[in-house]
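In: Dropping a prediction and its sequence here:
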Amino acid sequence: MEHKKIGSTILLDEPFEWSNDSSLEFFMKAIEEDDTARSKRKVVNRNRVKASEILHRDYFCDDPKFDEAFFEDMYRMPKHLFLKITHDVESRYEYFQESYDAI
């Protein structure tokens, strides 16, 4: 049997073989347990569409529920600055531009 030495590590030139079937079964069982753990995750419905509608109604419609001073207290920036940042991002990056979705 030939082997190579790199520093203190010895590399063996032989194919890897499972010592027995129990090694393979161990890894298969670990993968199956991991899959079942993932399926037990708790799903939280955040209702993002409704939250977006409420945010728009409260701050961005023609007759908002809260004024600009309340917006600034809540989000730590003036409303006009937020709208300028939003406009600049939408105009510069195609990802944020509204477009037709063929899906």
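Out: Arrived safely, thanks for sending.
In: Going by residue numbers, what spans are strands in the protein?
Out: Taking DSSP state E, the strands of the chain run over residues 3-6, 9-12.
In: Check what pLDDT residue 20 gets.
Out: Here, the pLDDT recorded for residue 20 equals 58.
In: Flag the shaky bits of the protein, pLDDT-wise.
Out: 1-23, 34-40 (pLDDT under 70).
In: end-to-end on stretch 42-53?
Out: This stretch, stretch 42-53, spans 25 Å end to end (CA to CA, to the nearest Å).
In: Pull the distance from it to the chain's centre.
Out: 16 Å (CA atoms, centre = their mean, to the nearest Å).
In: do the same with stretch 94-103
Out: 20 Å.
In: same deal with stretch 25-36?
Out: With CA atoms, centre = their mean, you get 25 Å for stretch 25-36.
In: just stretch 45-56 next, same as before
Out: That offset, for stretch 45-56, works out to 19 Å (CA atoms, centre = their mean).
In: Go through it and flag the buried ones.
Out: Going by neighbour count (16 or more other CB atoms under 10 Å), nothing in stretch 45-56 comes out as buried. Placement of C-beta: from N, CA and C, glycine included.
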